[in-house]
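Engineer: I'd like to go over a predicted model; first the sequence, then the structure.
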Amino acid sequence: IGKQLEIYKSVESTNDLLKDLAREGAVEGTVVIGDEQTKGKGRRGRSFHSPMGKGVYMSILLRPEMDPESALKITVIAAVAESLAIEELFDIKAEIKWVNDIFIKGRKVSGILTEASMEMESGKLEYVVVGIGVNVAGTKEALPEDVAKTAGFITEFADKDRSRNEVAALILNKFEELYMHWEFKDVLEIYRKRSFLTGKEVTVIKNGEERRAKALDIDDRGNLNVEYDSGARETLSSGEVSVRKN
Ligand code: BTN
């Protein structure tokens, strides 16, 4: 991973750029990094604010032999890789909020956007682009007001100073190790230990509807099991889940 590495001063979105390269035949492991993104994308059509020089904005191309439902595993691996890298570099606890956000002291410092393309005929995955955005060094002022309410930068919480290069390199190294050499169940074990939704009272937003539930656990594929107040249980493979304060 990262043998083919393209670094840009400014890109619209590293995910979009890498998807173009993937369609042109780029090899597995190709990585694109931008010093800033002018149209950084978050999940659910949101934008991911990516100010110049303040974060790591990168995407990794994979061509895995797996069924599309297993693509969630890749997000799980990326989240664990990130959490391990941040803890090692900054000596600070980095929790994972299912499915793909990294939180430090209750603030989101990173998100992951995994985009997959399927081959029409075989129904198999053609490629997967894993986009990782980490807010490394900055202050609230670098973020729009609504984002600053819940998000933060690692250096606001850590005493150590690390370069964005170090952060990018260690995330890639950890990702490669976990993706290539680890059994998924062992990755999940780390994920579960760092998952901060488990056991919490949450709100699940699905099809625009909000429901109260309790987050039970993470299953073997990385899905979240919840129990609604009605007693009904559901296995979520994606969706908006937030911790309830009242
Ligand atoms: C989220 O928090 O909803 C996901 C954010 C993902 C952001 C990363 S930054 C690199 C890559 N390129 C993008 O346009 N988005 C992802």
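Structural biologist: Arrived safely.
Engineer: and stretch 104-124, how far apart are its ends?
Structural biologist: 36 Å (Cα to Cα, to the nearest Å).
Engineer: and that stretch, does that touch the ligand?
Structural biologist: Yes: counting by Cβ under 6 Å from any ligand atom, the ligand has neighbours in stretch 104-124: Gly111, Ile112, Leu113. Where you see a C-beta, it was placed from the backbone N, CA and C, and this is true even at glycine.
Engineer: Can you give the distance from that stretch to the centre of its chain?
Structural biologist: In this view, stretch 104-124 has its centroid 7 Å away from the chain centroid, taken as Cα atoms, centre = their mean, to the nearest Å.
Engineer: from the residues of stretch 104-124 next to the ligand, which is closest to Val187?
Structural biologist: Ile112 (14.1 Å; Cβ to Cβ).
Engineer: Within the helices and strands, which one has that closest one?
Structural biologist: Using DSSP states H and E, Ile112 sits within strand 107-118.
Engineer: Pairing partners for the helix or strand following that strand, with directions?
Structural biologist: Sequence-wise, the next helix or strand downstream of strand 107-118 (DSSP H and E) is strand 125-135. Looking at strand 125-135 with DSSP bridges, its partner strands are strand 55-62 (antiparallel), strand 107-118 (antiparallel).
Engineer: State the mean pLDDT of the following helix or strand past strand 125-135.
Structural biologist: As assigned by DSSP H and E, the chain's next helix or strand after strand 125-135 is helix 145-148. Averaged across helix 145-148, pLDDT comes to 90.
Engineer: other SSEs contacting helix 145-148?
Structural biologist: In terms of contacts (3 or more Cβ pairs under 8 Å, 6 or more residues apart in numbering; DSSP states H and E), helix 145-148 is packed against no helix or strand at all.
Engineer: Check which residues of that helix are buried.
Structural biologist: Val147 (16 or more other Cβ atoms under 10 Å).
Engineer: Likewise for stretch 69-84?
Structural biologist: Using 16+ other Cβ under 10 Å as the test for burial, stretch 69-84 gives 70-84.
Engineer: related to what we said a few turns ago, pull the CA atoms of the strand holding Ile112 into CSV?
Structural biologist: Provided in CSV are the C-alpha atoms of strand 107-118 (Å, rounded to 0.1, in the frame of the first residue of the first chain):
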residue,chain,number,x,y,z
ARG,A,107,-14.9,15.3,19.8
LYS,A,108,-14.8,14.0,16.3
VAL,A,109,-11.2,14.2,14.9
SER,A,110,-11.6,11.9,11.9
GLY,A,111,-14.1,10.4,9.5
ILE,A,112,-13.9,7.7,6.9
LEU,A,113,-15.8,7.5,3.6
THR,A,114,-15.7,4.2,1.9
GLU,A,115,-17.0,4.1,-1.7
ALA,A,116,-17.3,0.8,-3.6
SER,A,117,-17.9,0.1,-7.3
MET,A,118,-19.5,-3.1,-8.4
